[in-house]
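In: this is the structure alone, sequence omitted:
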C-alpha cells in the first residue's frame, strides 16, 4: 500500500512565504488574529516543505494534503468571522503513527498491522487537538510498535535527521522530531516509554516533554503500561506549553488519567523575563547521573546551560539522586510489553517483525510473574527515592542523551554494537520508571553542528516548573532561529 498517495502536487501553486514554515504556532496564531497570516498560507507552506524535504528525511508515512487544505479553508473562514474554534485553530500538526487518527490507518511501523480498519476513533491527545482546531497534515514515522530509541522500521524504512541526514533523529518519535526540526510543522505528537520524546528532541534540536504520567490521557492503553507517556514536540517552549495545555483535557476512555493541571502551563507561556521564571529555584546538577559516560562536548553544553540558570538566580548545586542501575528491571517491563503487543502476531507473520523486536519479544516471554513484581517493586523504590530527593531540589538537570546523533539505521553507535538501545538511554528511562515530568530543551551544538539537549526533570505534577526552567533558558539563550 502506498501511504503517500494523498500528497497533492504543489506544481503551479503560488510561492508561499518561507516564514510560514519557520515561525512558531504562537506566531501563526497571532498573525491569524490580526489578518497578517492565514491558515491557508500556513498549510500550503507546510505541505510545500514536506514535498521538498521529506523524500530525503522520511519523516512522514502518510500525508493528508487535500484534507488539510480543506480544513485550512474552513479555519480561515472562522478567523475572518472572528470566531476561531479553539486555541490551535489553523495550526498545522503532525500525528505520530501510534496515535489513532480518525479515518486513517494507524500501522505503528509494522507490516503486521491490518490497514483496512475501520478507523473510527481519535486517540485522546488527537481528539483534544482536533477540538482545539489543529489541522492534521499527516502521520509521522516510528520504529515498529515504538520499541526502540531510533526510527527505522520494516514498513517505512529509515528516518533521518535534518541537521545531518546521515544521522538518526532518535526515536521512537523520530518522525515527529524530524518533521518539526525541518519546519514541516510547528507541532507534532510524541510518545515516551523510555526516552522516545526526549531522545529525538535532543538529537533533533527541538523541545519535547514527557509529562507526569496520566496528565495526557492515553487510549488504547499501551502494552508498555505505565511506562508510556504522550506529550508534545515543538520548536519552542511556548509552543510546547500551549500544546500540552490542550492535550491535558480529560477523556473517559483512560481510567487512570489525571485532572487537567489548571492555568500553570499558560502562565509559563506568557512570562517573558527569564529571571522571573527561575529565580530562587533549587536545582541539582547531575552531569553523569551516577557515572554514565558522556561525550565531552555534551558535558560542556550542559554545564554552560546550568551556569546560565545560575546567573538568572537559580540555586544550582551538583547533586546526584543515587538511582540504582535498573536496566534489567526496565527490560522486564519493556520486553514483556513488547511480547504482549505482538501476542496475536503468529505463524509466518512473526518473520515480518523487526529482528531486534523479535529478540526482545523472546526475552519478554521468558520473564516470570515474580520478575515482573520485582521490577515493579524496584520502580516504586526509585519513585520514593526521587520523591525524597525533590524535597531538597526543585529540579534535576542532566544531559538528555550522552552523545549527539549517530549513524541512521543503527540501534546503537558502533562502540556499543551488539547492545540494546537501553545501553545508551540511561538518562531517560529511569524517569519513565518514576513517572516524573522530564523535558529536553536545546542547550548548544557540537563542533560538527549537531544539537545537544539538556534534560530538566521535576517531581510528579511539577510540569509547569519544568517548562519554566526550559523557558528561562530559551529566553536567555535563544536558539529557535537556528535551522538545519
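Out: Nice, I can see it. Because the structure is predicted, anything quoted here is derived from the model rather than measured. Residues are numbered from 1 along each chain as shown.
In: where does this protein have low pLDDT?
Out: In the predicted model, the chain carries pLDDT under 70 at residues 1-19.
In: ok, now which ones touch the residue minimising distance to the centre of it?
Out: Centroid-nearest residue in the chain: residue 197, 2.9 Å away (criterion: Cα atoms, centre = their mean). Applying Cβ atoms under 8 Å, 6 or more residues apart in numbering, we find residue 197 in contact with 173, 190, 191, 208, 209, 210, 229, 231, 233, 440. All C-beta spots, glycine's among them, are computed from the backbone N, C-alpha and C.
In: those: which two are farthest apart?
Out: 191 and 440 (14.3 Å; Cβ to Cβ).
In: tell me which of those two has more neighbours.
Out: More neighbours surround residue 440 than the other of residue 191 and residue 440, with 36 against 25 (other Cβ atoms under 10 Å).
In: for residue 106, see how far away the more buried one is.
Out: Distance, residue 440 to residue 106, by Cβ to Cβ, to the nearest Å: 25 Å.
In: now swap in residue 228 and tell me
Out: 15 Å.
In: and the strands in this structure?
Out: 60-63, 92-96, 135-140, 152-153, 157-158, 187-192, 207-210, 229-234, 282-285, 315-318, 395-399, 438-445, 451-457 (DSSP state E).
In: and residue 369, which of those is closest to it?
Out: Among the strands of the chain, strand 229-234 sits nearest to residue 369 (Cβ to Cβ), with 25.0 Å.
In: list the contacts for the closest residue in space to residue 305 that isn't next to it in sequence?
Out: Excluding its sequence neighbours, the residue lying closest to residue 305 (Cβ to Cβ, 6 or more residues apart in numbering) is residue 443, at 3.9 Å. With contact set as Cβ under 8 Å, 6+ apart, residue 443 has these partners: 301, 302, 304, 305, 452, 453, 454, 473, 477.
In: residue 230 against residue 191, yeah?
Out: Yes: checked against Cβ atoms under 8 Å, the pair residue 230 and residue 191 is within contact range at 5.3 Å.
In: mutual contacts of the two, please.
Out: Jointly contacting residue 230 and residue 191 under the rule Cβ under 8 Å, 6+ apart are residue 99.
In: would you turn the strands of the chain into CSV with distance to residue 251?
Out: Putting the strands of the chain into CSV (distance: least, Cβ to Cβ, whole Å) gives the following:
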stretch, distance to residue 251
strand 60-63, 23
strand 92-96, 16
strand 135-140, 18
strand 152-153, 28
strand 157-158, 33
strand 187-192, 14
strand 207-210, 18
strand 229-234, 11
strand 282-285, 34
strand 315-318, 38
strand 395-399, 29
strand 438-445, 23
strand 451-457, 26
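In: of all the ones you listed, which one is nearest residue 345?
Out: Judging the strands of the chain by Cβ to Cβ, what sits closest to residue 345 is strand 152-153, at 14.3 Å.
In: endpoint to endpoint, stretch 101-110 covers what distance?
Out: With Cα to Cα, to the nearest Å as the measure, stretch 101-110 spans 17 Å from end to end.
In: how about it: buried residues?
Out: By neighbour count on 16 or more other Cβ atoms under 10 Å, the buried set for stretch 101-110 is 101, 104, 105, 106, 107, 108, 109, 110.
In: ok, of the contacts of residue 443, which one's closest to residue 355?
Out: residue 453 (28.9 Å).
In: how many neighbouring residues does the closest one have?
Out: A total of 32 residues lie near residue 453 under the criterion other Cβ under 10 Å.
In: so what's it closest to, chain neighbours aside?
Out: residue 202 (2.7 Å).
In: ok, residue 293 next?
Out: Going by Cβ to Cβ, 6+ apart, residue 293 has residue 402 as its nearest residue, at 6.2 Å.
In: contacts only, for the one you found.
Out: 292, 293, 294, 295, 298, 424, 426, 427.
In: try residue 204
Out: 161, 162, 163, 169, 170, 174, 177, 178, 180, 181, 405, 451.
In: need those in JSON lines with distance to residue 44 and neighbour count, can you?
Out: JSON lines is the format used below for the contacts of residue 204 (distance: Cβ to Cβ, whole Å; neighbours: other Cβ atoms under 10 Å):
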{"residue": "161", "distance to residue 44": "26", "neighbour count": "30"}
{"residue": "162", "distance to residue 44": "20", "neighbour count": "24"}
{"residue": "163", "distance to residue 44": "25", "neighbour count": "25"}
{"residue": "169", "distance to residue 44": "25", "neighbour count": "37"}
{"residue": "170", "distance to residue 44": "29", "neighbour count": "34"}
{"residue": "174", "distance to residue 44": "26", "neighbour count": "37"}
{"residue": "177", "distance to residue 44": "23", "neighbour count": "36"}
{"residue": "178", "distance to residue 44": "21", "neighbour count": "35"}
{"residue": "180", "distance to residue 44": "18", "neighbour count": "33"}
{"residue": "181", "distance to residue 44": "20", "neighbour count": "26"}
{"residue": "405", "distance to residue 44": "30", "neighbour count": "28"}
{"residue": "451", "distance to residue 44": "28", "neighbour count": "27"}
